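>>> the following block contains a protein sequence and its predicted model.
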Amino acid sequence: MNKIVIAGGTGFVGQYLFQKFRALGHQVIIIGRQQADVLWSDRRGIAEALENADLLINLAGKSVNWRYNEKNKAEIFSSRTATTKILGELISAANNPPKLWLNSSTATIYRHAEDRPMTESSGDIGTGFSVDVATLWEKMVAGNRCCFNRYGDRTPFEKSLGIAGKAGK
């Protein structure tokens, strides 16, 4: 049985992963703002959850399915960057940090292109609010000393655009 921590695990993707990992017999701990095993306000609880974890999946972030007014943009931005900062700090302090940290991101970091595919190796970074969020979000993970000291290149990003499913909202 593996210990899997899902930060931001109360959303659509997090709940799907929670159910699948639990069905496979893994211990799954959800970190979230509400209705979670550990709340974001409980740094000690988050630290305990991360200790000896096999996998940390960071999906934290307010849904982008809102009008981009200043209030929502601020929440979208901070809900990703503040939570990622907390995880990085606590991983840095852990005696036995998660073996792998998978961090969510967004494919909207790339410019809209119809001339060629945008990939990790050849994609052109775009401009705008979504790109600013994604760029800082990824820099926070890549620039966090814990990632290079403990993981080398094992801090992958999951870049998605939109995710749909039978129970999706």
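That came through, no problem. None of these values were measured; they are calculated from a predicted model.
>>> quick one: mean pLDDT over the strand or helix carrying residue 88.
Secondary structure assigned from DSSP states H and E places residue 88 in helix 70-93. In this model, helix 70-93 carries a mean pLDDT of 90.
>>> could you do stretch 117-136 as well?
pLDDT averaged over stretch 117-136 gives 83.
>>> which residues are in contact with it?
64, 68, 73, 76-77, 80-81, 105-113, 116 (Cβ atoms under 8 Å, 6 or more residues apart in numbering). Placement of C-beta: from N, CA and C, glycine included.
>>> repeat for stretch 27-34
1-10, 14, 17-18, 21-22, 36-40, 46, 49, 53, 60.
>>> what about stretch 3-10, distance to the chain center?
9 Å (Cα atoms, centre = their mean, to the nearest Å).
>>> send the alpha carbons of that stretch over as CSV?
What follows is stretch 3-10 as a C-alpha-only set of coordinates in CSV (Å, rounded to 0.1, in the frame of the first residue of the first chain):
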residue,chain,number,x,y,z
LYS,A,3,0.7,6.7,0.8
ILE,A,4,-0.6,9.2,-1.7
VAL,A,5,-1.3,12.9,-0.9
ILE,A,6,-3.6,14.9,-3.1
ALA,A,7,-3.4,18.6,-2.5
GLY,A,8,-6.5,20.2,-3.9
GLY,A,9,-8.1,16.8,-4.0
THR,A,10,-11.7,17.9,-3.5
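>>> on that earlier part again, please pick the buried ones from the contacts of stretch 27-34.
3-10, 14, 17-18, 21, 36-38, 40, 46, 49, 53, 60 (16 or more other Cβ atoms under 10 Å).
>>> mind checking which of those residues are in strands?
Under the assignment DSSP state E, those contribute 3-7, 38 to strands.
>>> what ranges do the helices span in this protein?
With helices called from DSSP state H, the chain shows them at 12-23, 43-50, 70-93, 129-142, 145-146.
>>> distance to residue 121 for the ones you listed - can I get that in JSON lines?
Formatted as JSON lines, the helices of the chain follow (distance: least, Cβ to Cβ, whole Å):
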{"stretch": "helix 12-23", "distance to residue 121": "25"}
{"stretch": "helix 43-50", "distance to residue 121": "31"}
{"stretch": "helix 70-93", "distance to residue 121": "23"}
{"stretch": "helix 129-142", "distance to residue 121": "15"}
{"stretch": "helix 145-146", "distance to residue 121": "25"}
